[in-house]
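Colleague: predicted model and sequence below, questions to follow.
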Amino acid sequence: MLVNKKYATGSVVSMKLVNGDEFVAKLIDETPTEYKVEQPMTIIPAQSGIRLIPSMFTVEPGQVFEIDKSHIMMHNAAADQVADHYRELTTGIKTVRNESKIIL
């Protein structure tokens, strides 16, 4: 089976699992049956917008997580502000933009 990769390696993607959880992660690889991601961050709604928290607290940093495609209901590239915030949280590098769409 051929895989038509929708995202470039290293892209920040948003995914919604069949259980309703939504997370943002850095895409490492895609196979016909799974996505491989690093540093998944779960999206938590808050009064002032959304928050990102680590999806797993009990693993060593830098682990690659394999997510079976059958467990994913929806996915797309993360919005610019969400991707910027994710990168800041995971690398410490802050991206400056002039637009304001989502409050983080």
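Modeller: Looks like it came in fine. Just so you know, these numbers come straight off a predicted model, no measurement behind them.
Colleague: CA atoms for contacts and neighbours, from now on please.
Modeller: Fine.
Colleague: what does the residue most central in space within the chain show for phi and psi?
Modeller: With distances taken as Cα atoms, centre = their mean, residue 24 lies nearest the centre of the chain, 1.8 Å away. Note on residue 24: its backbone torsions stand at phi -120, psi 140 [degrees, to the nearest 10].
Colleague: so which strand or helix has the closest residue to it other than its chain neighbours?
Modeller: Once flanking residues are discounted, residue 24 sits nearest to residue 14: 4.4 Å by Cα to Cα, 6 or more residues apart in numbering. Using DSSP states H and E, residue 14 sits in strand 12-17.
Colleague: just residue 58 next, same as before
Modeller: Short version, using DSSP H and E: residue 58 is in no helix or strand.
Colleague: repeat that for the one 4 residues further on.
Modeller: For residue 62, there is no host helix or strand (DSSP H and E).
Colleague: so it sits right up against residue 40, yeah?
Modeller: No: using Cα atoms under 8 Å, residue 62 is not in contact with residue 40, being 10.4 Å away.
Colleague: A strand includes residue 89, no?
Modeller: No: in this structure, residue 89 is helix, not part of a strand, as judged by DSSP: H, G, I helix; E, B strand; the rest coil.
Colleague: please enumerate the strands of the chain.
Modeller: 12-17, 22-30, 34-46, 49-54, 64-68, 72-77 (DSSP state E).
Colleague: show me what the fifth one pairs with in its sheet, parallel or antiparallel.
Modeller: The pairing partners recorded for strand 64-68 under DSSP bridges are strand 34-46 (antiparallel).
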